[in-house]
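[1] Predicted model and sequence below, questions to follow.
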Amino acid sequence: MIASADVRVGDVSGLLLRPDDARLLYVVAHGAGAGMRHPFLESIAQRLAERSIATLRYQFPYMEQGARRPDPPAVAAATVRAAVAEAARLAPGLPLVAGGKSFGGRMTSTAQAEEPLSGVRGLVFLGFPLHPPGRPGDSRAEHLAQVRIPMLFLQGDRDEFADLKLLRPVVKRLGVGATLHLVQGGDHSFKVLKRTGRAGDDVMTELVTTIDRWCNETPVRVD
């Protein structure tokens, strides 16, 4: 059985999806342009629940307020910390990983780099936004060197927010604690070209299978 519950994460909304046999909880932040109920995150959460991985999705304050401009990093990082603390309270004893889609993943790693998130064993990025489209650079990844837990980068190989000529060296510099998984033909939203012969369902299966396998094998501290 999979239980779903609306929760409060500080001053914002959250959604806990927890199977009876949960063995892990993934604290998931949304991207800059869509909230926690976006179909992509809904699908990820449901499919992970079927693999005994619980999720806690939550809103950033700007999204809760209906604003378009994302919160400043300090506000976003504080929200990440509140979500992790609430996850630990709601599911005591369950190991935690954290991360999320694009902006949400980057704000999670920013929080972790500033001060380790209590109880979090690894970070999972659903499309890390290394740079704005058309403006390649890797300064957004500088803080990752301060992250001392394993990281999984799930990235489409056509992602205009992450030039692979830049992302691959970034991940390599991070060492054995960082894993890069490329989705063939995928863009920043993991949508694939028709010529690949793959459907969206195939891609979602690939994503959750990779997360499941990585969580089974990797989330231990590397320092």
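    Arrived safely.

[2] who does the strand or helix carrying Ala98 pair up with?
    If you go by DSSP states H and E, Ala98 is part of strand 96-101. Neighbouring strands of strand 96-101 in its sheet, by DSSP bridges, are strand 24-29 (parallel), strand 120-126 (parallel).

[3] Extract the CA atoms of that strand and return them as PDB.
    What follows is strand 96-101, C-alpha atoms only, in PDB (Å, rounded to 0.1, in the frame of the first residue of the first chain):
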ATOM      1  CA  LEU A  96      17.500  10.200   3.500                       C
ATOM      2  CA  VAL A  97      18.700  11.400   0.200                       C
ATOM      3  CA  ALA A  98      17.900  14.800  -1.200                       C
ATOM      4  CA  GLY A  99      17.900  16.800  -4.400                       C
ATOM      5  CA  GLY A 100      15.400  17.500  -7.100                       C
ATOM      6  CA  LYS A 101      14.700  19.000 -10.500                       C
END
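
[4] can you list the residues that contact that strand?
    24-31, 38, 40-41, 80, 83-84, 87-88, 105, 107-109, 112, 117, 119-127, 152, 215, 219 (Cβ atoms under 8 Å, 6 or more residues apart in numbering). Glycine gets a C-beta too; all of them are placed from N, C-alpha and C.

[5] Let me know the secondary structure of Trp117.
    You called it Trp, but residue 117 is Leu. Counting by DSSP: H, G, I helix; E, B strand; the rest coil, the backbone at Leu117 sits in coil.

[6] ok, now which ones touch it?
    80-81, 84, 96, 98, 108, 111.

[7] Can you check the pLDDT for Ser109?
    Looking at Ser109, its pLDDT reads 98.

[8] what's the answer for Asp202, then?
    Taking Asp202 on its own, its pLDDT is 89.

[9] quick check, it in a helix?
    Yes. With three-state DSSP as the criterion, Asp202 is assigned to a helix.

[10] That one: how many residues sit nearby?
    13 (other Cβ atoms under 10 Å).

[11] now do Val170
    20.

[12] please renumber so the chain begins at 423
    Understood, numbering begins at 423; the last thing we discussed is Val592.

[13] Can you point out the helix or strand that includes it?
    helix 586-596.

[14] That helix: which residues count as buried?
    By neighbour count on 16 or more other Cβ atoms under 10 Å, the buried set for helix 586-596 is 586, 589, 592-593, 596.

[15] swap in stretch 446-459?
    446-454, 457-458.

[16] before we move on, what about stretch 499-515?
    Going by neighbour count (16+ other Cβ under 10 Å), the buried part of stretch 499-515 is 499-510, 512-513.

[17] try stretch 567-578
    569, 571-578.

[18] Quick check: the farthest pair among these?
    Ile571 and Gly578 (24.0 Å; Cβ to Cβ).
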